[in-house]
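*Asks:* make a model of this:
(2 chains)
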2 protein chains.
Amino acid sequence: MRAAFIAVGSELLGIERLDTNSLRMARRLQRYGVSLGRKSVIGDDPTELVTELTSVLGRFDLLIVSGGLGPTGDDRTRESMATACGVGLHLDESIVDDIRRKFDSFGRKMPEVNRRQAYVLDGAKVLENSRGTAPGLQIEQSGTTCFLFPGVPHELDYLASTFLDPWLEEQAGEIQLEATVLKVACRGESAVEEKIASAYDEFGAEAVTVLASPGEVRIELWARGGAKDRAIRLQEMSDRVAGFLGPAVFTRVADQDLEGVCGELLGELGATVATAESCTGGWIAQRLTATPGSSAYFLGSIVAYSNQAKVDLLGVPEDLIAEHGAVSREVAIALAEGARERIGSDYAIGVTGIAGPDGGSEEKPVGTVHVAVAGPRGSGDLIHQRAVFPGDREKVRRLTSQLGLELLRRRLLDPNYRPGGW
Amino acid sequence: MRAAFIAVGSELLGIERLDTNSLRMARRLQRYGVSLGRKSVIGDDPTELVTELTSVLGRFDLLIVSGGLGPTGDDRTRESMATACGVGLHLDESIVDDIRRKFDSFGRKMPEVNRRQAYVLDGAKVLENSRGTAPGLQIEQSGTTCFLFPGVPHELDYLASTFLDPWLEEQAGEIQLEATVLKVACRGESAVEEKIASAYDEFGAEAVTVLASPGEVRIELWARGGAKDRAIRLQEMSDRVAGFLGPAVFTRVADQDLEGVCGELLGELGATVATAESCTGGWIAQRLTATPGSSAYFLGSIVAYSNQAKVDLLGVPEDLIAEHGAVSREVAIALAEGARERIGSDYAIGVTGIAGPDGGSEEKPVGTVHVAVAGPRGSGDLIHQRAVFPGDREKVRRLTSQLGLELLRRRLLDPNYRPGGW
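*Replies:* Numbers count the residues shown, from 1 in each chain, chains lettered A, B, ... in the order given. Okay, here's the model as predicted:
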């Protein structure tokens, strides 16, 4: 089964905005094994829109149009579709009543212009939109099933869940696809691929997708079949891959991030954390506090950018800096210990590094970072890791903040954790 | 003059990636007064690509195709274009030699498959690509001038600058458009629109574009005409709008950000800054340190998330918190003063607020923030501003960090600055 997608709206042809509805739609279609064959963006130009619709009708099984269903004169999807299908439009008074009721509920009078939204293609099914005023429309033409949806993302998503998904489910039957996700931090894509290599053979290459972004690898496992079989299969595959990767998997929840997992672990332990940051400039603290409710476990941070601040604010001995340099194992540890002691937390992360573009040397090139985590057992309860990260200042800082959180997570999971292994 | 854009590549129809070449291309076309009439994404499917090319040829003055010029079998732009134009393809041995030389220069042998990239449409002009192996192609067909470019962004941009721009310049003649930019922080779009209202009349509505993102408004002023006239005109318009907006304009450099401007001002004054942050969790420090070389003026930050940390790390009096609450004018000022004193900087920013989603009250709803800046003249050298920001936790925190930096900037510009006016 093949689908085409058309986004309508002149603003999507400008210099600022891209159509992003198609990305979410592609994900939705993928679940049902439907491939997206083409997508296009057409402005508020009925001639061009009719040409595009005419070219697609009859060539694809499914056509999804988003946008152009608004109340104003430049919303031309309804009329253009009528022309392309060679059918008429009729005013549906029950839709007018419905739109009027929606305005009433906000204490507003319906503008006359909104009557435009009550026009229906002859032969089309009206898709009730409880999230906005414009209903969606569904019509069959030349063997193509067409869904017309509003372009507002939350309205589109609502209508697609309510009307498109059941239709896709009916078409796809037992061949529905569903994914489960595992996420790994601070590992390279190829290292993860290697660990899970046998999964490709066991499950089939098409069932495994590995997606990498800086500091994170996301593994998607796909299964087909009926709902119950699928759930069992996904669980099996997920457990198997989790077995290959061990504690490197920081979450199996698709939208959970590393800082959220650290927060959850701290909450379970009833423990608190602080940070002492140099090159990341407060980024780890910023991430830890991005999670609502983080005041339960995050106490504070000291960003010691200058050497003097490291000495004054965190008690890093001056001769330690003189002897080993500000970017060193010893200083990272002193930062973590200083933060734990001065802020009074159970755990503390200390980071120091050379984010660049300047400041590198042969011995310590740009991208060299040292990260330490101090734990609640006091003196000697320390882990440390050195890394040399590639990329620009932004990327080095991002990867360093990721490593700080990952070391904390591993330490929270296992009091005897030692960095360096898998 | 109207243009169409086609991005070729199955990866752009998936669930992860969007075509972004079209956005940069739209900006390029805009400079020459060319409007983008449609854009589309087609997979590595020659049938669909031929259909798309055929539909566009003859209907637009200009067609730009990006992608599908690689060496492998799924790169089908050359063949599809030949079919759509009804012309042949011939192997150009001089291109083969050129590709071979490029591989030689990396010490590699040219794979045989790369010969595919040396095929040229009969009648096409070859556009030499010094950034990669695939040359671009230019061909006239049915009144449409077609440019075929590689999809790799830096290769596309290079070929477009080298070959498309001169062509556009020739077509556009004296009607070239160019923009100058002014940026304003912490002001609403409508407030800015109001201030510059007379510019719309003076310059014409089409010469003024106002673009808003959270905490920032960007004003683009457009001028047509020959290079010299245009430069004079842009300078005049920019000065005029800068006059309307006064010191609210933080930069007239398109890609400069607020933290960069603060850094520049601190550098000029030879002054240093520190921050004391509660609700922003270190975000202001993170932003100030994102600029290379920020160690020259940024000393450090204390993120005092818990009340105890505010007392211990910054010397905020306990009864001040008890009396006024942690989110108050008094505590924001005590944070700024504490940071200035303890970190030893000339200036310090202090922020406290309720980022949400919880923690709001009737008196202090979610989004309430207090921001203070302490200056080098010591006790009493203080400015303060309260705001109630809309939006979710992320947005409140972003807007608060923006306000902190904007207050610092205004204070650096004017020792007698008082918040509250324009």
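*Asks:* give me the number of residues near the residue in the stretch 51-200 of chain A that chain B sits nearest to?
*Replies:* Distances between the stretch 51-200 of chain A and chain B by CB to the nearest CB are smallest at A:S55, namely 5.4 Å. (C-beta placed from N, C-alpha, C; glycine too.) Neighbours of A:S55 under the rule other CB atoms under 10 Å in any protein chain shown: 17.
*Asks:* so what's it closest to, chain neighbours aside?
*Replies:* With sequence-adjacent residues excluded and distances taken as CB to CB, 6 or more residues apart in numbering or on different chains, A:S55 is closest to B:S55, at 5.4 Å.
*Asks:* so where does that neighbour fall, helix or strand?
*Replies:* helix B:46-56 (DSSP states H and E).
*Asks:* that helix: which residues count as buried?
*Replies:* B:P46, B:E48, B:L49, B:V50, B:T51, B:E52, B:L53, B:T54, B:S55, B:V56 (16 or more other CB atoms under 10 Å in any protein chain shown).
*Asks:* quick one: distance of the top helix by length along chain A to the chain centre.
*Replies:* Assignment by DSSP state H gives helix A:393-413 as the longest helix of chain A. Averaged C-alpha coordinates place helix A:393-413 at 18 Å from its chain's average position (CA atoms, centre = their mean, to the nearest Å).
*Asks:* who in the stretch 151-300 of chain A is up against chain B?
*Replies:* By CB under 8 Å from any CB of the partner chain, the residues of the stretch 151-300 of chain A that approach chain B are A:211, A:275, A:277, A:279-286, A:288-290, A:292-295, A:298-300.
*Asks:* what about whatever residue of the stretch 101-250 of chain A ends up closest to chain B, which SS state?
*Replies:* Closest to chain B within the stretch 101-250 of chain A is A:L211: 6.5 Å, counting by CB to the nearest CB. Under DSSP: H, G, I helix; E, B strand; the rest coil, A:L211 falls in the strand class.
*Asks:* just give me the neighbour total for it.
*Replies:* By other CB under 10 Å, the residues close to A:L211 number 14.
*Asks:* who does it bridge with?
*Replies:* A:L211 forms beta bridges with A:R218, as assigned by DSSP bridges.
*Asks:* contacts only, for it.
*Replies:* Going by CB atoms under 8 Å, 6 or more residues apart in numbering or on different chains, A:L211 touches A:V217, A:R218, A:I219, A:E220, B:E16.
*Asks:* distance of the first one relative to A:T83?
*Replies:* To A:T83, A:V217 is 48 Å away according to CB to CB, to the nearest Å.
*Asks:* before we move on, what about the fourth one?
*Replies:* Counting by CB to CB, the gap between A:E220 and A:T83 amounts to 41 Å.
*Asks:* what of A:Y297?
*Replies:* 60 Å.
*Asks:* which of these two has more neighbours?
*Replies:* Taking neighbours as other CB under 10 Å, A:Y297 and A:T83 compare with A:Y297 leading, 23 against 17.
*Asks:* ok, and the closest non-adjacent residue to the more buried one?
*Replies:* Nearest in space to A:Y297, with sequence neighbours left out and distances taken as CB to CB, 6+ apart, is A:L266 at 3.9 Å.
*Asks:* so the one you found makes contact with A:L299?
*Replies:* No. Taking contacts as CB atoms under 8 Å, A:L266 lies outside contact range of A:L299: 10.7 Å.
*Asks:* which residues are common contacts for these two?
*Replies:* With CB under 8 Å, 6+ apart as the test, A:L266 and A:L299 both reach A:T272, A:V273.
*Asks:* shaky segments in chain A?
*Replies:* Applying pLDDT under 70 to chain A flags the ranges A:174-175.
*Asks:* most distant residue from the centre of it?
*Replies:* A:D319 (44.8 Å; CA atoms, centre = their mean).
*Asks:* tell me the SS of it?
*Replies:* Three-state assignment for A:D319 (three-state DSSP): helix.
*Asks:* check the gap between A:L335 and chain B for me.
*Replies:* To chain B, A:L335 is 12 Å away according to CB to the nearest CB, to the nearest Å.
*Asks:* next one: phi and psi at A:L69?
*Replies:* With angles defined as degrees, to the nearest 10, A:L69 sits at phi -110, psi 10.
*Asks:* now do the same contact list for the closest residue to it other than its chain neighbours.
*Replies:* Nearest non-adjacent residue to A:L69, counting by CB to CB, 6+ apart: A:A134, 4.1 Å away. Taking CB under 8 Å, 6+ apart, we find A:A134 in contact with A:L69, A:G70, A:P71, A:Q117, A:P150, A:E155.
*Asks:* now swap in A:L269 and tell me
*Replies:* Contact analysis of A:L269 by CB under 8 Å, 6+ apart lists A:D346, A:L412.
*Asks:* element containing the closest residue to A:L320 other than its chain neighbours, please.
*Replies:* Counting by CB to CB, 6+ apart, A:L320 lies nearest to A:E330, which is 5.4 Å off, once chain neighbours are set aside. Assigned by DSSP H and E, A:E330 belongs to helix A:329-343.
*Asks:* pull the CA atoms of the helix or strand following that helix into CSV?
*Replies:* Next helix or strand after helix A:329-343 toward the C-terminus (DSSP H and E): strand A:347-353. Taking C-alpha atoms only, strand A:347-353 is exported to CSV below (Å, rounded to 0.1, in the frame of the first residue of the first chain):
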residue,chain,number,x,y,z
TYR,A,347,26.1,12.8,45.3
ALA,A,348,28.0,15.3,43.2
ILE,A,349,29.2,15.5,39.6
GLY,A,350,32.4,17.4,38.8
VAL,A,351,33.4,18.3,35.2
THR,A,352,36.4,20.1,33.7
GLY,A,353,37.5,20.2,30.1
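*Asks:* quick one: strands adjacent to the helix or strand following strand A:347-353?
*Replies:* Per DSSP H and E, the first helix or strand lying C-terminal to strand A:347-353 is strand A:368-374. Applying DSSP bridges to the sheet, strand A:368-374 is found paired with strand A:347-353 (antiparallel), strand A:382-388 (antiparallel).
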